[in-house]
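> got a sequence here, can you build the structure:
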Amino acid sequence: MTDIRELDVTERQDKKARVVVGIDGSAQSEQALRWAADFASKSGAWLDVVTAWDYPIAYGWSMLPDGWNPGDDMAKAQSEAIDSAFGPDRPGNLRTFVREGNPAHVLLFEGRDAELLVVGSRGHGGFAGLLLGSVSAAVAEHATCPVLVVHGDRPPPPVEP
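Coordinates of the predicted model:
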């Protein structure tokens, strides 16, 4: 497993502001992506789309299917979510990152120098009746930058003339 503190930071040589959004392929994360894209375009920031994955705790190493790569699965889910949100017209300021590690930890690390960190209120796991998922709650509590937790399916506000 790659320690997220060891990631190559040359990807961020440009000192342009960043809006980081965490997506997992859920409808809530796609809505968070739309809100993050809107904010990034209005502020002239990079739109850094981050998808994190970790090996399932319930599986032993010997029980994983041969050739299965969860990183590839998450990269595909990320691409599909971006396509669903934007179609063929992806924003020019969009950058994508797929990281191994606990999603909350990865998002907190990636958002450490961001202008804004955006997450959906609920992802793919947990209990549907909860107001916040474990990742969004951890990010909201521990982030060192402002956090937007997107609830529901309301689109971002229109651009002011």
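> give me the element the residue nearest to Asp38 when sequence neighbours are not counted is part of.
When the adjacent residues along the chain are set aside, Asp38 lies closest to Pro156, with 3.7 Å between them (C-beta to C-beta, 6 or more residues apart in numbering). Every residue, glycine included, has its C-beta placed from N, CA and C. Of the helices and strands defined by DSSP states H and E, none includes Pro156.
> tell me how many other residues crowd Pro156.
Residues contacting Pro156 under the criterion other C-beta atoms under 10 Å number 15.
> can you check Asp66 too?
Counted by other C-beta under 10 Å, the residues lying close to Asp66 total 4.
> nearest residue to the middle of this structure?
In the chain, the C-alpha nearest the mean C-alpha coordinate belongs to Gly22, at 1.2 Å (C-alpha atoms, centre = their mean).
> may I see the buried residues of the helix or strand of the chain with the lowest mean pLDDT?
Every helix and strand of the chain was ranked by mean pLDDT, DSSP states H and E. The lowest is helix 134-142, at a mean of 90. For helix 134-142, the buried set under the neighbour-count rule, 16 or more other C-beta atoms under 10 Å, comprises 134-139.
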